[in-house]
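Asks: Below is the sequence, then the predicted model.
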Amino acid sequence: MAGRFRSALAGRRQDVPPIWLMRQAGRYQRSYRAKRRRYSFETLCREPELAAAVAIDAVEEFDFDAAILFSDLLFPLNALGFPLRYDDSGPELGRRLDEKMLARLHDVDRAVEALAFQAEAVALTRRRLPPSKGLIGFVGGPWTLFVYAVEGTHAGSLVRSKTSLPLYTRFARLVVPLLARAAGAQLAAGADVVMVFDTAAGELTPAAFRQMIVPDLRRLTRLTGGRLGYYARGIQPAHVEGLSPAELGSWAGFGIDWRWSLTDALTARRRQGFVQGNFDPALLHLEGRALERAIDAFLAPVAALPPARRRGWICGLGHGVLPGTPEESVRTFVRMVRRRLS
């Protein structure tokens, strides 16, 4: 059974789009918070049985059209040899990337073995999902992993990252093949598509993005056969407009943040694959009629498009579900999308 999600990946016409939200499994859920009282975040990620349960809980509780691997984008850094720990404030790397650390990083074969738990979680999730539901894997983008390795975070001015292009180039030679093999393992385990979450890429100017990031993205797609999607918060049309598949690589599709015009993205002349997005996640903190008005305003322009122009739309948010989001707001979003577009 194809289901809405796979139909969107295939570009089939359908009135009602699939719904998948970034961070749809997480701290806003009562069931997730109950698990966190028993297990650490890292344990939930590293134990495939637990990771699959977290991913499936979200689908069962909110009837999303796809599950996504429950994991963290920094595990490839740990697999390469960076000490990594998690506490209530988030991840913390025990070392920063410099020339000495770069020389000590593990080789790709060893790092791939250390990431086997992610593919196992994908396989378990696939076996337990209904056949009509899609499954998404993910990896971090090479630039975002570099920023975390150098800065310890992707917040702030990113001075060291932006002034260390030679170091990035050498790091990318190692990490791009690792990400390609990790993505390939997730696809082989049953993922329909693997998202590349390049959270920090939106901090770059369009010119810097094209110079520093695009060549490695193109290489990543060539190594994986084009079954990847790409999302970077803060990326705007100027970062990618005019780039051909030969320049950017062949992608299954793209996620967009809430600052994009969804209708412009859906009707773009040189669009590649699916478009995922892009309701503002902050607005899910609204409730009642205020939330309904915000969802109506989001849906009205896209509902006015003929269904053929909505091919490949995966309805979701412009970024992840925020902590503290009311569960009922998520249910309202899912219900209204399906009712308004049916």
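Replies: Sure, I can see it.

Asks: how about the strands in the chain?
Replies: Taking DSSP state E as the test, the strands found in the chain are 66-68, 84-87, 90-93, 134-140, 193-197, 228-231, 253-255, 274-279, 313-317.

Asks: want to try a markdown table for those strands, with distance to residue 217 as columns?
Replies: In this view, the C-beta of every residue, glycine as well, is placed from N, C-alpha and C. A markdown table is the format used below for those (distance: least, Cβ to Cβ, whole Å):
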| stretch | distance to residue 217 |
| --- | --- |
| strand 66-68 | 20 |
| strand 84-87 | 24 |
| strand 90-93 | 24 |
| strand 134-140 | 12 |
| strand 193-197 | 8 |
| strand 228-231 | 7 |
| strand 253-255 | 11 |
| strand 274-279 | 17 |
| strand 313-317 | 20 |
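
Asks: among those strands, which is nearest residue 45?
Replies: strand 84-87 (8.7 Å; Cβ to Cβ).

Asks: Mind listing the strands the closest one pairs with, and their directions?
Replies: Looking at strand 84-87 with DSSP bridges, its partner strands are strand 90-93 (antiparallel).

Asks: related to what we said a few turns ago, worst average pLDDT in the strands of the chain?
Replies: With a mean of 88, strand 90-93 has the lowest mean pLDDT of the strands of the chain.

Asks: Report the distance from that one to the chain centre.
Replies: How far strand 90-93 lies from its chain's middle: 19 Å, per Cα atoms, centre = their mean, to the nearest Å.

Asks: and if you look at stretch 191-206?
Replies: Computed by Cα atoms, centre = their mean, the separation of stretch 191-206 from the middle of its chain amounts to 7 Å.

Asks: Endpoint to endpoint, that stretch covers what distance?
Replies: The first and last residues of stretch 191-206 sit 31 Å apart, counting by Cα to Cα, to the nearest Å.

Asks: that older thread, kindly present the strands of the chain as TSV, with separate columns for distance to residue 181 and mean neighbour count.
Replies: Compiled in TSV, the strands of the chain are given as follows (distance: least, Cβ to Cβ, whole Å; neighbours: other Cβ atoms under 10 Å):
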stretch	distance to residue 181	mean neighbour count
strand 66-68	20	28
strand 84-87	19	13
strand 90-93	22	15
strand 134-140	10	26
strand 193-197	11	25
strand 228-231	13	25
strand 253-255	22	24
strand 274-279	24	25
strand 313-317	26	27
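
Asks: between those strands, which gets nearest to residue 106?
Replies: Among those, strand 84-87 comes nearest to residue 106, with 13.2 Å by Cβ to Cβ.

Asks: What lies in contact with the closest one?
Replies: Strand 84-87 has contacts (Cβ atoms under 8 Å, 6 or more residues apart in numbering) with 40-42, 72, 74-75, 77-78, 91-94.

Asks: In these, find the pair that's most separated.
Replies: Using Cβ to Cβ, the contacts of strand 84-87 span at most 18.2 Å, a distance reached by 40 and 77.

Asks: what about the two, which has more around it?
Replies: Counted by other Cβ atoms under 10 Å, residue 40 and residue 77 do not tie: residue 77 has more neighbours, with 25 against 12.

Asks: thinking the more buried one is in contact with residue 147, fair?
Replies: No: counting by Cβ atoms under 8 Å, residue 77 does not reach residue 147; the two are 10.8 Å apart.

Asks: still on that earlier bit, and which of the contacts of strand 84-87 is nearest residue 8?
Replies: Looking across the contacts of strand 84-87 and measuring by Cβ to Cβ, the closest to residue 8 is residue 72, at 25.9 Å.

Asks: Test my guess that the closest one contacts residue 90.
Replies: No: applying Cβ under 8 Å, one finds residue 72 not in contact with residue 90, separated by 9.8 Å.

Asks: so what's residue 281 up against?
Replies: Residue 281 neighbours (Cβ under 8 Å, 6+ apart): 258, 317-322, 325.

Asks: Quick one, which of those are buried?
Replies: Among the contacts of residue 281, those buried by neighbour count (16 or more other Cβ atoms under 10 Å) are 258, 317-321, 325.

Asks: Which ones among the contacts of strand 84-87 lie within helices?
Replies: Among those, DSSP state H puts 41-42, 75, 77-78 in helices.

Asks: Would you list the buried entries among those?
Replies: Taking 16+ other Cβ under 10 Å as the criterion, what is buried in the ones in helices among the contacts of strand 84-87 is 41, 75, 77-78.
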